[in-house]
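1. Whatever this is, show me its structure:
(one chain, ligands or ions: 1)
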Amino acid sequence: MELKRMETCIKSVTIQMPVLIPNLLNDHRELSLAHLALGFISMGYVWQEGQHAPAQVLPKALAVPYWLISRRLGLPPILTYADSVLSNWKLRDPTGNMDLIFSFPGGESCRGFFIVSLLVELAASSGIGALEVMHAMKSSDVAGIQNGLVKVTQSLKKMKETFKLMHSKFKLNLSPWRDNPMLPNGLLYEGVSTEPMFLSGGSAAQSSAIQCFDALLCIQHEDETGKDKMFPGKAVIYSFFLKVFFLDYMPPAHCQLIETLSARPSLRDLILSCSSSDLCQAYNSCVSAMVDLRSYHLYAVQKYIIGPGNHTMGCPLRGVGTMLNDKGTGGSNLMGFLKGVCNTTKKALISEVWPV
Ligand code: HEM
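-> Below is the predicted model:
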């Protein structure tokens, strides 16, 4: 009863709050922090009365500044991976230990999910060897390409080892307002539009790290998953997901990096044409490390989503709509999609055909 009164009170306070215009926020850091804060508050507002009674309208005190800030950042007005993981950290002490800025309810186990994701990103950043590969390709410097690929492989292996630190389990409602049976009419952003918005939630698939490595290594998922009979009529399922659920929810600079990597001449073709066994092995080691990482990811999805039956809620790192939220099918859509992606990664391996 007390709780009910408190919820009603929070609702009416939020509705009466003044609409703040975020003109004084200047740099990317301030805007990102504001986007993160508004994302957390909005999620809390929508789901404050539990998963069966979400709010249908985001009051203008939240909706208007959220919309304005989102436009400036090029992000959607919903909590994304860029918010809850990439912007959500601070240094706890001068030695470099990190902590979250905003924590969800759920204590240490919840904190672990976000911190480990952040550490996986950190491990990915040492894959900056990717840039070395690109430079070396310009001058056909085989040794340079090879060195760069070795660094990328090390980074991918470190990502997998770091990923293994994830042990927590918890249930948390960060459900989005797209393909959500509890919000079939989406969410109305008061003062922004008279039409409701349908937005997907944050997913680690919105991390650009793995997509960048895919682009560098010329791992293309469209054709293979297109042949898959899992979603009849959806010929390019991976690119559909990539665009609609992943790229549109990434910071624009991250999409730009993926595009730049995808647009440059093919590394795989170059390796096929230069018949260097060492180079081929360096490339294959990279691809194998990607396969290992994706296989471990599959194991994690089984452990945290399929096993416990958390198809619609429970894991803050998944945000895709009903197509993959396949309650009642034992998670076969989701696992089929992720296995397909893993298999196409394997297909990029080059079998050496030239004499050594
Ligand atoms: C226990 C932790 C994790 C779980 C349960 C999980 C779950 C999922 C799920 C369910 C999907 C399908 C798309 C969706 O529903 O959003 C997905 C896709 C994906 N996730 Fe994760 N994820 C986890 C951690 C991570 C981490 C740490 C990364 C990397 C930073 C990552 C990167 C990806 C990528 C790139 C995809 C797209 C498919 C692909 O390209 O392989 N995930 N994940």
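2. What are the boundaries of the strands in the stretch 1-150 of the chain?
-> Assigned by DSSP state E, counting those that start in this stretch, the strands in the stretch 1-150 of the chain fall at 57-58, 89-91, 98-100.
3. What is the first one packed up against?
-> With contacts taken as 3 or more Cβ pairs under 8 Å, 6 or more residues apart in numbering; DSSP states H and E, strand 57-58 sits against helix 28-47, strand 188-189. In short, each C-beta sits where N, CA and C put it, glycine included.
4. do that again at 7 Å, thanks
-> When contacts are defined as 3 or more Cβ pairs under 7 Å, 6 or more residues apart in numbering; DSSP states H and E, strand 57-58 packs onto strand 188-189.
5. Spell out which strands sit alongside the strand it packs on in the sheet and which way each one runs.
-> strand 57-58 (parallel) (DSSP bridges).
6. Check the offset of the partner strand from the chain's centre.
-> Between the centre of strand 57-58 and the centre of its chain there are 25 Å (Cα atoms, centre = their mean, to the nearest Å).
7. Tell me where the model's unsure across the stretch 201-350 of the chain.
-> With pLDDT under 70 as the threshold, the stretch 201-350 of the chain has low-confidence stretches at 222-240, 243, 309-332.
8. Strands of that one, start to end?
-> Using DSSP E, counting those that start in this stretch, the strands of the stretch 201-350 of the chain do not appear at all; there are none.
9. how about the helices in it?
-> Assigned by DSSP state H, counting those that start in this stretch, the helices in the stretch 201-350 of the chain fall at 208-217, 222-227, 237-241, 252-263, 267-274, 277-301, 332-347.
10. Please identify the deepest-packed of those.
-> Among the helices of the stretch 201-350 of the chain, ranked by average contacts under mean count of other Cβ atoms under 10 Å, first place goes to helix 208-217 (a mean of 22).
11. Could you check how far that one is from the centre of its chain?
-> What separates the centre of helix 208-217 from the centre of its chain is 13 Å, taken as Cα atoms, centre = their mean.
12. name the helices or strands packed onto it?
-> Under the contact criterion of 3+ Cβ pairs under 7 Å, 6+ apart, helix 208-217 touches helix 129-138, helix 252-263, helix 277-301.
13. closest one to the ligand among those?
-> Among those, the nearest to the ligand by Cβ to the nearest ligand atom is helix 277-301 (3.9 Å).
14. can you state the direction angle for the closest one and helix 129-138?
-> Inter-element angle recorded for helix 277-301 and helix 129-138: 150 degrees (by axes from the mean of the first three to the mean of the last three Cα atoms, to 10 degrees).
15. What helices and strands are in contact with helix 277-301?
-> Applying 3+ Cβ pairs under 7 Å, 6+ apart, we find helix 277-301 packed against helix 142-163, helix 208-217, helix 267-274, helix 332-347.
16. Find the residue at the geometric middle of the protein.
-> Most central residue of the chain, judged by C-alpha distance to the mean C-alpha position with Cα atoms, centre = their mean, is Gln206 at 2.3 Å.
17. for the nearest residue to that residue once chain neighbours are set aside, what are its contacts?
-> Among residues not flanking Gln206 along the chain, Tyr81 sits closest, at 3.8 Å (Cβ to Cβ, 6 or more residues apart in numbering). Counting by Cβ atoms under 7 Å, 6 or more residues apart in numbering, Tyr81 makes contact with Gly202, Ser203, Ala204, Gln206, Ser207.
18. Most neighbours among these, please name it.
-> For the contacts of Tyr81, neighbours were counted by other Cβ atoms under 10 Å; the highest total belongs to Gln206, with 28 neighbours.
19. where's that one relative to the ligand, distance?
-> Relative to the ligand, Gln206 is positioned 8 Å away (Cβ to the nearest ligand atom, to the nearest Å).
20. hang on, that residue packs against Asp248?
-> No - in terms of Cβ atoms under 7 Å, Gln206 does not count as a neighbour of Asp248; the distance is 9.0 Å.
21. still on that earlier bit, turn the helices of the stretch 201-350 of the chain into CSV, including distance to the ligand.
-> Conversion of these to CSV gives the following (distance: least, Cβ to the nearest ligand atom, whole Å):
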stretch, distance to the ligand
helix 208-217, 4
helix 222-227, 10
helix 237-241, 7
helix 252-263, 11
helix 267-274, 18
helix 277-301, 4
helix 332-347, 4
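22. what would those look like in a markdown table with distance to Met182?
-> As requested, the helices of the stretch 201-350 of the chain are exported to a markdown table (distance: least, Cβ to Cβ, whole Å):
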| stretch | distance to Met182 |
| --- | --- |
| helix 208-217 | 30 |
| helix 222-227 | 29 |
| helix 237-241 | 22 |
| helix 252-263 | 30 |
| helix 267-274 | 44 |
| helix 277-301 | 23 |
| helix 332-347 | 19 |
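23. out of those, which comes closest to Ser125?
-> Closest of the helices of the stretch 201-350 of the chain to Ser125 is helix 208-217, at 8.0 Å (criterion: Cβ to Cβ).
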